[in-house]
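*Asks:* heads up, no residue letters with this:
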């Protein structure tokens, strides 16, 4: 599937780790350790000036790739999330197709 943007609620442990997602009215448990990285965004296109200390979330965007499953299900769902700071809003921006993932595995093994 392509890229889009849809709101998601993230549930964290007491230590701050991602453990569950509420998305589209369903609860999903994390099935694997999530991957986190940062992407630089062209902040200068929307912000002409930032005051000192206000750069959090403007320069870099925190991205997450998670594998989740619904309670009792065996099928995994791989999602890319974005965390907007400082508001701490989360959005699903990509749903990975299981066939795409399998193709990547086959390519890496070749």
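*Replies:* Looks like it arrived, so ask away. The model shown is predicted, which means the values in this text are computed figures rather than measured ones.
*Asks:* For the protein, just list every one of the strands.
*Replies:* 3-7, 9-12, 18-23, 26-30, 35-40, 60-70, 77-84, 89-96 (DSSP state E).
*Asks:* Redo these as JSON lines? Include mean pLDDT.
*Replies:* Shown next, in JSON lines, are the strands of the chain (pLDDT from 0 to 100):
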{"stretch": "strand 3-7", "mean pLDDT": "82"}
{"stretch": "strand 9-12", "mean pLDDT": "94"}
{"stretch": "strand 18-23", "mean pLDDT": "94"}
{"stretch": "strand 26-30", "mean pLDDT": "95"}
{"stretch": "strand 35-40", "mean pLDDT": "89"}
{"stretch": "strand 60-70", "mean pLDDT": "91"}
{"stretch": "strand 77-84", "mean pLDDT": "93"}
{"stretch": "strand 89-96", "mean pLDDT": "93"}
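*Asks:* okay, those in JSON lines with mean neighbour count next?
*Replies:* No exception for glycine: its C-beta is placed from N, CA and C like everyone else's. JSON lines is the format used below for the strands of the chain (neighbours: other CB atoms under 10 Å):
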{"stretch": "strand 3-7", "mean neighbour count": "10"}
{"stretch": "strand 9-12", "mean neighbour count": "13"}
{"stretch": "strand 18-23", "mean neighbour count": "17"}
{"stretch": "strand 26-30", "mean neighbour count": "15"}
{"stretch": "strand 35-40", "mean neighbour count": "10"}
{"stretch": "strand 60-70", "mean neighbour count": "17"}
{"stretch": "strand 77-84", "mean neighbour count": "17"}
{"stretch": "strand 89-96", "mean neighbour count": "16"}
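*Asks:* And the closest residue in space to residue 77 that isn't next to it in sequence, how far from residue 41?
*Replies:* Nearest non-adjacent residue to residue 77, counting by CB to CB, 6 or more residues apart in numbering: residue 68, 5.3 Å away. Residue 68 sits 25 Å away from residue 41, going by CB to CB, to the nearest Å.
*Asks:* Could you pull up the contacting residues of the residue most central in space within the chain?
*Replies:* The residue lying closest to the centre of the chain (CA atoms, centre = their mean) is residue 81, at 1.7 Å. Residue 81 makes contacts with 8, 10, 63-66, 90-93, as judged by CB atoms under 8 Å, 6 or more residues apart in numbering.
*Asks:* No more questions from me, cheers.
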